[in-house]
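**Student:** Quick check, what structure comes out for this input:
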Amino acid sequence: MDSVEARAIVDALNKPPFNKEFTLIGFDAQAPLQLLQVLSDVIEHINGNEKPIQVRQEEPEDTLSRLLGALRVFRYTPPTDDQKGFRAALIAAEKETIYPILQWVLERTEALTLRAYLGKYLVRIEVPAEFLQDPEVAETNTKYIGLIQEFTEVHQDVEKRRKSGFSSKDIKEDMIAMDQEKEQILKRIDRIKHKCERFPQYEDMLGAARLLRKELDREDQLRDAAVEQQKQADAAEARYTKARERLREAQATTISGADELMIRTEEEHSMLKYMARDKLPAAVAERQSHVGKLEGVLAQPMIGREDIDALHRRIDELTAETNKLIEQRMVNNDSGSDRQMALYKQQASIIARKKEDAADRLMESQERLQVLEAELAERRKGEPRMSKEEFLKYADTLRTVAKEYKTKKAILGNARSEAVVVEGTVKVLEAKAAAMDDALKKLEAEKGVSGYHETQKTLEAVSMAANSVNARKEENLQDMATMAAELNASIDKRRHELAPIVKKLRAARIEKSSLEGNYNEKKAAYEKLAKELETSRSALEKEVRAYREEVSAYESRYHHLNALVTSVQAQNERIQEEKKAYRTQKPSFRDACQEKIDEAERLGKHMREKQTQIEANHESSLRQCQLWRELCDLMACKLAVAPENASKSNDDPNVSVTENRLVL
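**Tutor:** This next block holds a predicted model:
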């Protein structure tokens, strides 16, 4: 099998509801019994059995019977016609047989589930004919068949309801919503009743409302009746218009007066009578029989291969019996009266066929006339008025159509008159045939062979049908012979073309078998080596992981020590520079640090002295600050009073102004 198909099977088995968790290599390495168990689990799941059947605990014959029965219900077609070989390969769980079955079943899970469900109830149990002689068994079998038909009808109804879009859940929700709405409406009605009962003149108003509702209903009924009467009036007007047009047409085409009109009316009446009594009932009966056949086909259960073979055998038996009857009729058909009667019957069938053809043409013409009248009415409603040129063109068209109409009408009149003559001839022939039938019956009664003519009629009909069937068979046999010759020629041609390819294919198959053995050996060695390498690889990965962690730890320690060495080297260089500066009496870092220390000590001493001084003069400083604030207030007051004193001094000449002095 192709790897793509195997991958499809594995993917389908790994998905719900199977959940097998297979790999491609693991599935290919399954033992035959395990592979048969997988097929059994899939089929049992499709059949609706939740508990799988263990193949180990089951007899091989039972397993084979169960799987073949399920595949027969599924209508699985084996790739070969060798049934024994297929059964042997299935019970041996060969991959070439199991894989195609699994692929076919997994691709059609939903359809096969439905088929398995229906197969439980629709697969009939064949009861031998000798057991059906027992009345109880026959009655039980009849009930069983009736139940199967009832199940089929119910299932079809359920499927139609499912496909209609209505679900039981939606219907239940709608019913619950309608019940709730009904309760709300009832509560609202109760509230309105209570409110209305308090209203004065409640009974009078309620009676008036009832009368109003009755009058409104009556008004609706009268409106509907008026619409219906208007429709009837329109229909009567249309019939009147049509009758008037027919009368005008009859008056325009009447040549010989009332006699010609009467003849045409009788012809039309006879035609309509034929249509009503013969043509339409035959068409209705044909449609009904067709519908009955279709309903019978739908009501029948599923037909298997055995049923089809039985029908073919029945058809062959009936065909052989028909051929025998035809041969007997050909041997016995030698009398002249029979030949004359056959001639009359042939003429009557030809006339009847012409009559049916004329009726069919009449129905087609009437339907076309109705369509044209409807189209004309629509165009008259929405068509604007024509111009003068359009009207002239339309008039020319009407003249042409009128000429053609008159010609066709003359032909139709001739055909109708011929039909009347033919109908009279048919009646005469039918009367003669009836008289001859009566005379023939009397003659048969006298000769003691009553019913011979009817039997001969039946045999003639059967022989005609058989002749047509034989003609078709001859044509089919000729076609089949030609086709068989063409197929044989094409097969020979293909055989010659495929001969070298077949030789190459055989060599390739031999090479494939040898390569397959080598491949299996290499595959086993590869899987063994792969497992060993996988084990060693996992150990090496652990070791490498430990070494990497150790290397990262050493690297971090190295960088830390390198930073420490760098700082120590910088300190050592500074120490060496300090030693060199100390020997050469040059300013060094120590001296600079000492100067900063001395300066900081001097600054601290100065700050301590200043702190002591501030602490000693704190109270006097506060007193002095207070005095200064009071002085500021005094000076502000003086500045405020100075303009007033200046004005007083200007008014009093005895007052002398001197400068204000502050003595500290």
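
**Student:** CA only for contacts and neighbour counts going forward, please
**Tutor:** OK.

**Student:** show me where the stretch 251-400 of the chain has strands.
**Tutor:** Assigned strands in the stretch 251-400 of the chain: none (criterion: DSSP state E, counting those that start in this stretch).

**Student:** and what of the stretch 501-650 of the chain?
**Tutor:** Going by DSSP E, counting those that start in this stretch, the stretch 501-650 of the chain shows no strands.

**Student:** what sits against Ala236?
**Tutor:** With CA atoms under 8 Å, 6 or more residues apart in numbering as the criterion, no residue contacts Ala236.

**Student:** And the average pLDDT for the helix or strand that contains it is what?
**Tutor:** Applying DSSP states H and E as the criterion places Ala236 in helix 202-253. Mean per-residue pLDDT for helix 202-253: 82.

**Student:** could you say what helices and strands the lengthiest helix in the chain packs with?
**Tutor:** Across the chain, the longest stretch assigned as helix under DSSP state H is helix 452-583. On a contact count with 3 or more CA pairs under 8 Å, 6 or more residues apart in numbering; DSSP states H and E, helix 452-583 meets helix 305-332, helix 388-447.

**Student:** Can you say which of the ones you listed is nearest to Ser270?
**Tutor:** Ser270 lies closest to helix 388-447 among the helices and strands packed on helix 452-583, at 8.7 Å (CA to CA).

**Student:** How about the secondary structure of Val55?
**Tutor:** In terms of secondary structure, Val55 is coil; the call rests on DSSP: H, G, I helix; E, B strand; the rest coil.

**Student:** How about the contacts made by it?
**Tutor:** Here Val55 is in contact with 33, 36-37, 40, 63 (CA under 8 Å, 6+ apart).

**Student:** how near is it to Gln611?
**Tutor:** 109 Å (CA to CA, to the nearest Å).

**Student:** Same question for Thr152.
**Tutor:** 119 Å.

**Student:** Repeat that for Glu555.
**Tutor:** For Glu555 relative to Gln611 (CA to CA), the value is 58 Å.

**Student:** Could you report the neighbour count for Asp41?
**Tutor:** 20 (other CA atoms under 10 Å).

**Student:** Under a three-state scheme, what state does the closest residue to it other than its chain neighbours occupy?
**Tutor:** With CA to CA, 6 or more residues apart in numbering as the criterion, Asp41 has its nearest non-adjacent residue at 5.7 Å, and that residue is Pro52. Following three-state DSSP, Pro52 is assigned to coil.

**Student:** any idea of the pLDDT on Pro52?
**Tutor:** Looking at Pro52, its pLDDT is 76.

**Student:** ok, now how distant is it from Val42?
**Tutor:** 9 Å.

**Student:** higher neighbour count, the two?
**Tutor:** Val42 (18 against 15).

**Student:** which element is that one on?
**Tutor:** Here Val42 is assigned to helix 32-46, by DSSP H and E.

**Student:** List the buried residues of that helix.
**Tutor:** 32, 35-46 (16 or more other CA atoms under 10 Å).

**Student:** next one: stretch 87-102
**Tutor:** By 16+ other CA under 10 Å, the buried positions in stretch 87-102 come out as 87, 90-95, 97-102.

**Student:** Also stretch 52-72?
**Tutor:** Under the neighbour-count criterion of 16+ other CA under 10 Å, stretch 52-72 has 55, 63-64, 67, 70-71 buried.

**Student:** Max pairwise distance over these: which two?
**Tutor:** Taking CA to CA, no two of the buried residues of stretch 52-72 sit farther apart than Val55 and Leu71, at 16.9 Å.

**Student:** any idea how far Ala236 is from Leu372?
**Tutor:** The gap separating Ala236 from Leu372 is 20 Å, by CA to CA.

**Student:** Now do stretch 282-298: distance to the chain's middle.
**Tutor:** Chain-centre distance of stretch 282-298: 31 Å, with CA atoms, centre = their mean, to the nearest Å.

**Student:** now swap in stretch 33-45 and tell me
**Tutor:** Taking CA atoms, centre = their mean, one finds stretch 33-45 lying 31 Å from the centre of the chain it belongs to.

**Student:** Let's test this: mean pLDDT of that stretch, rounded?
**Tutor:** Per-residue scores along stretch 33-45 average to 85.

**Student:** So what touches it?
**Tutor:** 18, 50, 52-56, 67, 70, 91, 93, 98, 102.

**Student:** one more time with 7 Å
**Tutor:** 52, 55, 93, 102 (CA atoms under 7 Å, 6 or more residues apart in numbering).

**Student:** Report the two of these separated the most.
**Tutor:** Going by CA to CA, the pair spanning the contacts of stretch 33-45 furthest: Pro52 and Ala93, at 17.9 Å.

**Student:** So which of the buried residues of stretch 87-102 belong to strands?
**Tutor:** Among these, no member falls in strands (criterion: DSSP state E).

**Student:** That's all I had, so thanks and see you.
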